[in-house]
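quick one, structure for this:
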Amino acid sequence: MIRKAVIFSVVFCLFAGLFVGAGFSGEQKGVIKIGCLFALSGPARHIGVPSKYVAMMARDYFEKQGGIKGKKIELVFADTKGENSVAIREFERLVYRKKVIAVIGPTRTGTCMALLRSIEKAKVPVVACVGGTPPVVPPKKWVFKTPQKTVTAVERIYQYLKKKGIDKIAIITSNDAFGEEGRGDLIRVAKRENIKIVGEESFGTQDIDMTIQLKKLVSTPAQAIICWTIGPAGATVARNFRSLGSKKLLIQCHGQPDPIYLKLGGDAVNGTIMPSTKTVVANQLREDDPQREVVQNFVKMYEKEYGPVSTHSGYAWDAFMIVANAIKKVGTDPAKIRDAIEQTRGYVGISGIYNMSKEDHCGLGVDSLVMITVENGKWKIIDY
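Okay, the predicted model is just below:
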């Protein structure tokens, strides 16, 4: 009986060891699993679907460089549908059933915030592709992000306005979480930079006309009007603003440099200004720009398959590369991957040059954004 018990114990331990090694490491038969949690349907589909394509491009590009220590990378996709409850369910499926060792995504700030408790419990590093700041401020141990923080875009806009001698502005913001965050940063940074906000209005993201609000702002002493929203509402604001015939500057946020903005806004978006990553103006980058070659090669690859890029296009690429580089350095243990991501320094990405730290889980500064305008339906750099 004792001998049988010993044999059973040994067999059980061997079985358990195999289960843990193959099931929980995200590494099976020479394959490394990385989860991709994007909004592949729903209202954020226009960002989530391209993110899927870009993640696949990044994987293929990385594997052409030799993969990770001879192992192939398997991307396991999940659709949040832009819904918090779905995001939680799909994240847990990726971690506990599919056994991924890291996650890229999600693509919406709200879904990322809804995931924080699940991420902390799972102890799996997540590199989000969200525009909002709250997922990383204050820093959350397991959460990082590749797009610029909202406050960084605000600082870049004010930097440009001060160069132009503009110190009076008005703001119009959407009444969702993204718009409210932008409003808060616009007000807070304006005080620090001695910029006076002389008018303020808001709108719903589904509103079809903002003319009344814009009339009020145009009548103020503001030299520029800043709109903070993402999606089609930005183009609506541009059309309504153009109909008023105002000569004031209309400035959009860093989420608007997208082919959809040009398509929906038509001639009305000409002359509008906004901060952007360098993707939409890749052919205008200086020869001494350290991102020039990386960005231009990416844009060439992307546009060959999927058409015009947007400012969002590089987020999933950078997220994948940061995770893959970490795995290449430290292996497949999630805790070690997390530590390596936090130590990312000097990574020349599509959206900027990343320098992360314990205090900064984004790693991008004001210099990662350029100011652009729309001229004859095309993007043009106006402040580098």
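
mind checking how far residue 237 is from residue 245?
Residue 237 is 15 Å from residue 245, where distance means Cβ to Cβ, to the nearest Å. All C-beta atoms are positioned from the backbone trio N, CA, C, and that covers glycine.

who's more crowded, the two?
Set side by side, residue 237 and residue 245 show more neighbours around residue 237, with 30 against 7, by other Cβ atoms under 10 Å.

the more buried one sits in which helix or strand?
Assessed by DSSP states H and E, residue 237 sits inside helix 233-243.

do residue 32 as well
Taking DSSP H and E as the criterion, residue 32 maps to strand 31-38.

what element comes up after that strand heading to the C-terminus?
Sequence-wise, the next helix or strand downstream of strand 31-38 (DSSP H and E) is helix 45-64.

helix or strand right after that following helix?
strand 72-79.

that next one pairs with which strands, and in what direction?
Sheet pairing of strand 72-79 (DSSP bridges) gives strand 31-38 (parallel).

just the strands in the stretch 51-200 of the chain please.
Listed in chain order, the strands of the stretch 51-200 of the chain (DSSP state E, counting those that start in this stretch) span 72-79, 103-104, 126-128, 143-145, 168-174, 196-203.

who does the shortest one pair up with?
Read it as strand 103-104. Strands that pair with strand 103-104, judged by DSSP bridges, come out as strand 31-38 (parallel), strand 126-128 (parallel).

a markdown table for those strands, including mean neighbour count, distance to residue 203 and mean pLDDT?
Compiled in a markdown table, those are given as follows (neighbours: other Cβ atoms under 10 Å; distance: least, Cβ to Cβ, whole Å; pLDDT from 0 to 100):
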| stretch | mean neighbour count | distance to residue 203 | mean pLDDT |
| --- | --- | --- | --- |
| strand 31-38 | 24 | 27 | 96 |
| strand 126-128 | 28 | 26 | 98 |
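
just put those in a markdown table and tack on distance to residue 78.
Converted to a markdown table, the strands paired with strand 103-104 look like this (distance: least, Cβ to Cβ, whole Å):
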| stretch | distance to residue 78 |
| --- | --- |
| strand 31-38 | 5 |
| strand 126-128 | 12 |
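
and of the ones you listed, who's closest to residue 312?
Checking those against residue 312 by Cβ to Cβ gives strand 31-38 as the closest, at 11.4 Å.

and the closest one with helix 45-64, angle?
Going by axes from the mean of the first three to the mean of the last three Cα atoms, to 10 degrees, strand 31-38 is angled at 160 degrees with respect to helix 45-64.

how far away from the center of its chain is strand 31-38?
Mean-position distance between strand 31-38 and its chain equals 17 Å (Cα atoms, centre = their mean, to the nearest Å).

any idea which helix or strand carries the closest residue to residue 377 other than its chain neighbours?
Spatially, and ignoring its direct neighbours in sequence, residue 377 is nearest to residue 262 (5.9 Å; Cβ to Cβ, 6 or more residues apart in numbering). Assigned by DSSP H and E, residue 262 belongs to helix 259-265.

same deal with residue 381?
strand 378-383.

give the buried residues for stretch 266-283.
When neighbours are counted by 16 or more other Cβ atoms under 10 Å, the buried residues of stretch 266-283 are found to be 268-270, 272-282.

wait, the residue nearest to residue 377 sits on residue 375?
No: distance between residue 262 and residue 375: 11.2 Å, which falls outside the contact criterion (Cβ atoms under 8 Å).
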